[in-house]
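Trainee: fold the stuff below for me.
(4 chains)
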2 protein chains.
Amino acid sequence: MAVTIRDVAKAAGVSTSTVSRALSGSELVEPRTREAVLRTAEQLGYLPNRAARGLITGRTGNLGLIVPDLANPFFPDVVKGIQARAREADYSVFLADTDEDPSAELGLVRALAKQVDGIILCSPRMNAEDLRTASAAAPLVAVNRRGSHVPAVTIDNAGGMRQAVAHLAALGHHRVGYVAGPRSSWSNRERVRAIRAAAETERVELVEVGNAPPQFEGGVAVADLVVAAEVTAVIAYNDVVALGLLTRLAARGIEVPRDLSVVGIDDIAMSGMFSPALTTVSIPKAQSGRAAVELLLQVLDNPGGRNPSRREIPTQLLVRDTTAIASTRR
Amino acid sequence: MAVTIRDVAKAAGVSTSTVSRALSGSELVEPRTREAVLRTAEQLGYLPNRAARGLITGRTGNLGLIVPDLANPFFPDVVKGIQARAREADYSVFLADTDEDPSAELGLVRALAKQVDGIILCSPRMNAEDLRTASAAAPLVAVNRRGSHVPAVTIDNAGGMRQAVAHLAALGHHRVGYVAGPRSSWSNRERVRAIRAAAETERVELVEVGNAPPQFEGGVAVADLVVAAEVTAVIAYNDVVALGLLTRLAARGIEVPRDLSVVGIDDIAMSGMFSPALTTVSIPKAQSGRAAVELLLQVLDNPGGRNPSRREIPTQLLVRDTTAIASTRR
DNA sequence: CGAGGTGATGAAAAGGATTGCATGAGGTCA
DNA sequence: TGACCTCATGCAATCCTTTTCATCACCTCG
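Mentor: Model (predicted):
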C-alpha cells in the first residue's frame, strides 16, 4: 500500500514521533535528524494521510463554497479568486451550487459542515435566522451579504450606485428606473437603498420596476415594463439582467443609448463584448473571493475570537456605450 | 463534542458494531434493531465522521474535478452536471481550475490524488504520456479527450461537424473556413479531422484559419484572417471564439449572415442572446458531466476491471440567425 | 562533584468507524 | 433429547497521525 509515517521512521531509524515532528517543522528536533527524516520521506515518496491527520487534529484542510448559480458569469470569477487564495494556504475547495434555490442553502451548509473547516457562502438568499443557524454549524464567511454575527465580504454598493446615478444625472437624465433583483437578495435591498439615496442627492426621480429573476430571461421579461415606465435611463440589478433588457429593447426597435441609457452592475466578461458595450458598475470579483478566504482563515486561526470582521471591496463605474445624453424626444 | 457512533450505541443499548451495520444497511441485523438504531441516530443528530470512515475504508467520498477555465461558459454547465450526479451518489466534489495552463494539470492531479477516490479531467491539454501518468495516480475519467487506457466521455464531433458542413453546403456555400482552437486540444484535432471528412463528402472547399486561443479575444484576433481567406462561411472552434469573431466582423462592417455565415460549437447560454443569435452545434453539457461521474463510479466499483469504457454524447446543430444562403457578391 | 535544568527522543494513547472472528441463543432434524 | 446449524450481536483489532508524557543524556552552575 501507500508509504506511511512508520515506514519512514523505520527507514530513518527513528520513531514515528520524530518523523511527525520533523515533518511538521517542530523546533524540538535536531537539525541533523530533521534533515535525515525529510530526505528519507522524500525518497520513499511519503505523502501524509489526510484522513488520519484529520481524525486526530479535527481539521480537514478543506473549505466549502456555496454559490447560487455557477452559470451566472459573475460567480466563476469569484470562485477563481477563492480557489487561488485557498490553494496558496494549502486548502482544497468543495464547490456546491444551489441552482438559485434558497431553501437548498441551509441543507448544503449542514451537509458540508462536517467535511470542511469553514464555509464561504456566496450571495446567500436564506433568511437571517437560517444564516445564524448556518454560521453555528461551521465557521462561515458570507459574500455579498451581511448578517449580525457573520463575517462578511461585501462590495461598496453605495459608492457604485452613487457613481452610476451621478453619471446619469450629469448626462441630463431626470427620471431613472431601477430594475430590481430578487426580493430575498441582500444585494438587491442594498442597491435599492443606495440608489434611493443617490437619486435624492442628485435630484433624480426614481422609478422601481418589477422584480426580475437575476437571469437573462428576467431582463427580457422586464423590458416592456421599463419602456412603459417612461424613463430615459435604467439601472439593472446586474449585468445579466441588463443584457436581457438590451436584447428585448433592440427587438422592440428601441435604440440604446439614443432612446434609453442602460447601466448594469458586475462587469461580467461578456458585458464588454455585447454591442453596444454595456456601461456597468465594475466589481473586483476575484478580489472579493480572495478577501473571503482571508477572512475565513482569520476566523479559523482565532476560533474563540468574537470578531465578525468585515471587508468592503470598492466598486468602479465603467462607462462604455450604453449611456448617453438624455434624449429630449420623450 | 460531536456525537459519535458510541453515543448512539449506548443510547440504543447495542454495540458500536451493530450501529455501524444498521447504518450501512448490512443484512446481518434484525429489522427491529435496525430501526431502533436509526431512530436513535436521528434523534441524537448523529453524522458519521468522514475522516474516521476514510481512515479504515480507504475511501474519501470525494471526487476531484479539474477544468481549464471556469470563466469559459462551457464549463460551468458541465460542472453543474457533475455536481448534481455526484451529490446523488453522495460524493462531494473538489474543484480546481488550471487557468488554461496545461503544465499545471499534472500537478493538480497529483495534489488531488490522495484526497479523492477519483478524478474527472475536463478537456485536458496535457500530452498523452502525462495523461497516462495521471491516470496511474488515481482512478480517472477524461472529458473531451481520449487516451489509450483512460475511460472517457466525448461528444460526437464527427456528427456535429457533418451536420454543420451539410447545413452550409445546402445553403450554397462552397468555400468554408474553420477557425482552429489550441493545437494541444484533442477536441480541436478531432474537429479538424471531422470537418475535413465532412467537407470532402459535401464537396466543399475547406480553409483552415489560424490557431485562436479559445477565448473571446482569440475570435477577435482571427477575424481579419477569416475575411482575408475569402470564404462565405466559417465554423469556429467554439462559441466564445465565434462571438469574438462576430464582434470584430460587425466592427469592420461585415454583416452576418448576409456577407458571411458563422457557426459556433458548444451552445453556451449567451450564444442565443447575441444578436444575431449564433447558429451552433449544441453539446449537452450537463449530460456530459453526469456521464463522466457515472463512468467514474463504474470504475470505482470495479477497481481491477480493465475496461477503459467510453461514452459518446450526441450533438445537435442548432440553426439560428448567423447562417444564410451564400452571398454571390464575393 | 552533585543537583537541577534543558533538549531530543520514544512509548503509547487517542481519535471514530469498520470488520473478522467469537459467542450465544434459538431452531431444526434425526 | 442431543448434536449441529444459523443468525444476530458483541469484542477487539485496525487504519495513520498527532501529541502528551516519560525518559535519558548531557550540560551548567553552585
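Trainee: ok, now how distant is residue A:151 from residue A:300?
Mentor: 11 Å (CB to CB, to the nearest Å). From N, CA and C alone the C-beta is placed, and that goes for glycine too.
Trainee: if you count surrounding residues, which of the two has more?
Mentor: residue A:151 (22 against 15; other CB atoms under 10 Å in any protein chain shown).
Trainee: which elements pack onto the strand or helix carrying residue A:103?
Mentor: Per DSSP states H and E, residue A:103 falls inside helix A:102-113. Helix A:102-113 is packed against strand A:62-67, strand A:92-97, strand A:118-122, helix A:128-137, with contacts defined by 3 or more CB pairs under 8 Å, 6 or more residues apart in numbering or on different chains; DSSP states H and E.
Trainee: minimum distance to residue B:128: which of the ones you listed has it?
Mentor: The minimum distance between residue B:128 and the helices and strands packed on helix A:102-113 falls on strand A:92-97, with 27.3 Å, by CB to CB.
Trainee: list the buried residues in the helix holding residue A:103.
Mentor: By neighbour count, and taking 16 or more other CB atoms under 10 Å in any protein chain shown as the criterion, the buried residues in helix A:102-113 are A:102, A:104, A:105, A:106, A:108, A:109, A:111, A:112, A:113.
Trainee: would you mind giving those residues as TSV with pLDDT and distance to residue A:164 added?
Mentor: What follows is the buried residues of helix A:102-113, written out as TSV (pLDDT from 0 to 100; distance: CB to CB, whole Å):
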residue	pLDDT	distance to residue A:164
A:102	90	27
A:104	92	32
A:105	93	29
A:106	93	33
A:108	92	33
A:109	93	33
A:111	86	39
A:112	90	36
A:113	89	38
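Trainee: ok, residue A:207 - how many residues close by?
Mentor: Residue A:207 is surrounded by 16 other residues when neighbours are defined as other CB under 10 Å.
Trainee: quick check: which element contains it?
Mentor: Judged by DSSP H and E, residue A:207 forms part of strand A:205-209.
Trainee: next SSE downstream of that strand?
Mentor: Using DSSP H and E, the next helix or strand after strand A:205-209 towards the C-terminus is helix A:216-228.
Trainee: in that following helix, which residues are buried?
Mentor: Taking 16+ other CB under 10 Å as the basis for neighbour counts, the residues of helix A:216-228 that come out buried are A:216, A:218, A:219, A:220, A:221, A:222, A:223, A:226, A:227.
Trainee: near chain B, which residues of the stretch 151-300 of chain A?
Mentor: A:216, A:243, A:244, A:247, A:250, A:269, A:270, A:273, A:274, A:275 (CB under 8 Å from any CB of the partner chain).
Trainee: ok, of those, which one's closest to residue A:8?
Mentor: Comparing every one of those with residue A:8 (CB to CB), the shortest separation belongs to residue A:269, at 47.3 Å.
Trainee: quick one: residues contacting the closest one.
Mentor: Taking CB atoms under 8 Å, 6 or more residues apart in numbering or on different chains as the definition of contact, the neighbours of residue A:269 are A:73, A:77, B:71, B:216.
Trainee: before we move on, the earlier item: and the helices and strands packed on helix A:102-113 as JSON lines, adding mean neighbour count?
Mentor: Formatted as JSON lines, the entries for those read as follows, by neighbours: other CB atoms under 10 Å in any protein chain shown:
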{"stretch": "strand A:62-67", "mean neighbour count": "25"}
{"stretch": "strand A:92-97", "mean neighbour count": "23"}
{"stretch": "strand A:118-122", "mean neighbour count": "26"}
{"stretch": "helix A:128-137", "mean neighbour count": "16"}
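Trainee: what's the closest of these to residue B:323?
Mentor: With CB to CB as the yardstick, what comes closest out of these is strand A:92-97 (33.4 Å).
Trainee: ok, the closest one near chain B or not?
Mentor: Yes: residues of strand A:92-97 contacting chain B under CB under 8 Å from any CB: A:92, A:93, A:94, A:95, A:96, A:97.
Trainee: for stretch A:143-151, buried residues please.
Mentor: Under the neighbour-count criterion of 16+ other CB under 10 Å, stretch A:143-151 has A:143, A:144, A:145, A:146, A:147, A:150, A:151 buried.
Trainee: whoops, I mixed them up, stretch A:8-17
Mentor: A:8, A:9, A:11, A:12, A:14.
Trainee: which one is the fourth one nearest to, not counting chain neighbours?
Mentor: Spatial nearest neighbour of residue A:12, chain neighbours left out: residue A:40 (4.2 Å); criterion: CB to CB, 6 or more residues apart in numbering or on different chains.
Trainee: report how many residues lie close to that neighbour.
Mentor: In terms of burial, residue A:40 registers 20 neighbours under the definition other CB under 10 Å.
Trainee: next, the distance between the ends of stretch A:41-51.
Mentor: End-to-end distance for stretch A:41-51, by CA to CA, to the nearest Å: 19 Å.
Trainee: an error on my part: the question was meant for stretch A:79-97.
Mentor: Stretch A:79-97 has an end-to-end distance of 11 Å (criterion: CA to CA).
Trainee: and for stretch A:3-23?
Mentor: For stretch A:3-23, the first-to-last residue distance is 14 Å (CA to CA).
Trainee: thinking again about what came up before, closest to residue B:130 out of the residues of the stretch 151-300 of chain A next to chain B?
Mentor: Within those, distances to residue B:130 taken as CB to CB reach their minimum at residue A:269, with 29.5 Å.
Trainee: could I get the contacting residues of residue A:161?
Mentor: Contacts for residue A:161 (CB under 8 Å, 6+ apart) come out as A:191, A:194, A:195, A:197, A:198, A:235, A:281.
Trainee: grab the nearest non-local neighbour of it.
Mentor: The shortest distance from residue A:161 to any residue other than its chain neighbours is 3.7 Å, reached at residue A:194 (CB to CB, 6+ apart).
Trainee: give me phi/psi at residue A:154?
Mentor: Here the main-chain torsion angles of residue A:154 (degrees, to the nearest 10) amount to phi -130, psi 170.
Trainee: likewise residue A:70?
Mentor: The phi and psi values for residue A:70, taken as degrees, to the nearest 10, are phi -60, psi -20.
Trainee: that one against residue A:80, yeah?
Mentor: No: in this structure, residue A:70 is not within contact of residue A:80 by CB atoms under 8 Å, at 11.5 Å.
Trainee: which SS class is the closest residue to residue A:152 other than its chain neighbours?
Mentor: On the basis of CB to CB, 6+ apart, the spatially nearest residue to residue A:152 that is not a chain neighbour turns out to be residue A:142, at 4.5 Å. Look at residue A:142: counting by DSSP: H, G, I helix; E, B strand; the rest coil, its state is strand.
Trainee: for residue A:142, the count of nearby residues, please.
Mentor: Residue A:142, neighbours per other CB under 10 Å, totals 27.
Trainee: gap between it and DNA strand D?
Mentor: Here the criterion is CB to the nearest atom of the strand, to the nearest Å. By it, residue A:142 lies 29 Å from DNA strand D.
Trainee: now residue A:296
Mentor: Plainly put, residue A:296 is 20 Å away from DNA strand D if you go by CB to the nearest atom of the strand.
Trainee: kindly report the same for residue A:95.
Mentor: Where DNA strand D is concerned, residue A:95 sits at a distance of 26 Å (CB to the nearest atom of the strand).
Trainee: which residues touch that residue?
Mentor: Residues in contact with residue A:95 (CB under 8 Å, 6+ apart) are A:65, A:67, A:70, A:79, B:79, B:83, B:93, B:94, B:95.
Trainee: near chain B at all, whatever helix or strand the fourth one lives in?
Mentor: Per DSSP H and E: residue A:79 is located in helix A:74-88. Yes: contact between helix A:74-88 and chain B, assessed by CB under 8 Å from any CB, occurs at A:75, A:76, A:77, A:79, A:80, A:83, A:87.
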